[in-house]
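# next input, structure requested:
(one chain, ligands or ions: 1)
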Amino acid sequence: MTSPHQFPTGFVWGAATSAYQIEGSPLADGAGPSNWHRFSHTPGRTERDATGDRACDHYRRYADDVALLRDMGLGAYRFSIAWSRIFPDGHGRLNTKGLDFYRRLLDCLADAGIEPFVTLHHWDLPAALDDRGGWAHRDMAGWFGDYAHQLFRAFNGRVRHWVTLNEPWVIVQEGYVAGTHPPGRRSMSLARQAAHNLLRGHGLAVQAFRADGGEGRIGLVVNLEPKYAASERPEDLAAMRRLHAWMNRLYLDPVFLGRYPDELGEIDGWTGEAFPAADFRLIREPIDFLGINYYSRSVVRDAPGLAPFGAERVLQAQAPHTALGWEVFAEGLKSCLLWVKRRYGDLPLYITENGAAFDDEPPTGGRLADPLRVDYLRRHLLAAHAAIAEGVDLRGYFAWSLLDNFEWAFGYDKRFGLIHVDYATQARTLKDSAHFYRRVVESHGAELWR
Ligand code: IFM
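Sure thing, here's the model as predicted:
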């Protein structure tokens, strides 16, 4: 039960990161290059040509970072595994030194009493697989299943919460539609194949987990963004439904309902042979929980001729926005959670990412005031609590991110961390938001109403 001013007993409080964004040392101890290593080393692909070569140097400082998690009183840590550390060529040859790094990290977390939530694939793919077409290649699903199986065997019993994929929508949208992430393609027909193979890979990983007798639970993480129509015009409503299908239903409908949304047929280029029925049986393999990453909403209108979606975003100029231009809209978090419950049923949910980039001033005298981030967190945590009060089975919340880090094509200027990282010295400073979050966690939420 949730009390009016606290979260339910057992609610998990955590923070999240991902491998390429924080680890650095991308080629250490026999790791192969990843697609992101190669992409960020291609001039012009990231802001100021930033790479993940050093990032937060977490590969070497992981013990200090775990100590920070412990000092913040967090019960859980969500991180991802770099596939190219485990299989430098994507599949085949196993690099045990890669496994050793994550074993050390898991040991450290266990000593600190922090529960790991481990993501198998958070966008960094072995470059060797990228060379073969990445997720657009049908065999990717099997290679992912093999990689997953290896990790389940290595860490069975030590990891009780596994996530197959993080935000497949971004992998496809940015990698195969917008071309701003690797492999930098712009083809809706490749996008369709990639989306489908990601889903098949997810299904194979879930099957491998069950077949391996995996202890614990396995789920999927999607990013959801509620869509609002700019007006009641039928054309704007149709544009809203199209984008809602593309962003919010593209992965969840197949996983929970065994089919793609009909509205995808209205998108330019979303055509091709029907996929075999057996694929959908695989994709529909039951999962134990769903992770939702929530940042913002979008208001959209019809834009005929604007390929491939025939829709565009309408800026809400009067509303607060983050440094990435994302509208701060906490009500959207509650509406997403309620929508998932209504459409897909009552399964355990986690907010696996939520947070904001703001233009923080550097710390002075060991302090960094980030009132906008504190306000953002407060509003979203209150929205999460409101969803629980309306019956959503929300089990936990992970702030994005533990540390300032490599924000993909945006490089290092966009800072999402609760903890500031001075990239020149690697000094960590807890921002006011980290202290605020610690009080929230300590008080089991009561701090939000103080
Ligand atoms: O930094 C990313 C993360 O890797 C995935 N979800 C969104 C975050 C902020 O853009």
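# poorly predicted segments of this protein, please.
Residues of the chain meeting the criterion pLDDT under 70: 1-2.
# center of it - which residue?
Taking C-alpha atoms, centre = their mean, the centroid of the chain lies closest to Asn166, which sits 4.3 Å from it.
# the nearest residue to that one once chain neighbours are set aside and the ligand: what is the separation?
In space, and not counting its chain neighbours, Asn166 is closest to His122: 4.1 Å by C-beta to C-beta, 6 or more residues apart in numbering. Just so you know, the C-beta spots here come from the backbone N, C-alpha and C atoms, and that holds for glycine as well. According to C-beta to the nearest ligand atom, to the nearest Å, His122 stands 6 Å off from the ligand.
# His122 touches Val170, doesn't it?
No - using C-beta atoms under 8 Å, His122 is not in contact with Val170, being 9.8 Å away.
# show me which of these two is the more surrounded one.
Legend: neighbour count by other C-beta atoms under 10 Å for His122 and Val170, higher for His122 (24 against 19).
# for Phe398, helix, strand, or coil?
strand (DSSP: H, G, I helix; E, B strand; the rest coil).
# which residues does it contact?
By C-beta atoms under 8 Å, 6 or more residues apart in numbering, the contact list for Phe398 reads Gly14, Ala15, Ala16, Ala76, Arg78, Phe117, Tyr350, Ile351, Thr352, Glu353, Asn354.
# keep only those of those that are in strands.
Gly14, Ala15, Ala16, Ala76, Arg78, Phe117, Tyr350, Ile351, Thr352, Glu353 (DSSP state E).
# which one is Pro43 nearest to, not counting chain neighbours?
Closest to Pro43 by C-beta to C-beta, 6+ apart is Asp49, at 5.9 Å.
# for the closest residue to Gly345 other than its chain neighbours, give me its contacts.
Among residues not flanking Gly345 along the chain, Phe256 sits closest, at 7.2 Å (C-beta to C-beta, 6+ apart). By C-beta under 8 Å, 6+ apart, the contact set of Phe256 is Arg284, Arg343, Tyr344, Gly345.
# show me the contacts for the third one.
If you count contacts by C-beta under 8 Å, 6+ apart, Tyr344 has them with Leu252, Phe256, Leu257, Leu290.
# how about 6 Å then?
Applying C-beta atoms under 6 Å, 6 or more residues apart in numbering, we find Tyr344 in contact with Phe256.
# do the second one as well
In this structure, Arg343 makes contact with no residue, judged by C-beta under 6 Å, 6+ apart.
# measure it to Trp246 for me?
Here the criterion is C-beta to C-beta, to the nearest Å. By it, Arg343 lies 16 Å from Trp246.
# what's the answer for the last one, then?
Plainly put, Gly345 is 22 Å away from Trp246 if you go by C-beta to C-beta.
# same question for the first one.
Taking C-beta to C-beta as the measure, Arg284 falls 20 Å from Trp246.
# what about the two, which has more around it?
Taking neighbours as other C-beta under 10 Å, Arg284 and Trp246 compare with Trp246 leading, 25 against 17.
# from Cys336, how far off is that one?
For Trp246, the distance to Cys336 - C-beta to C-beta - is 15 Å.
# equivalent analysis for Ala384, please.
With C-beta to C-beta as the criterion, Ala384 and Cys336 are 10 Å apart.
# residue boundaries of the helices in the stretch 1-150 of the chain?
For the stretch 1-150 of the chain, helices defined by DSSP state H, counting those that start in this stretch occupy the ranges 19-22, 35-40, 58-71, 83-86, 96-112, 127-130, 140-155.
# just name the most buried of those helices.
helix 83-86 (a mean of 28; mean count of other C-beta atoms under 10 Å).
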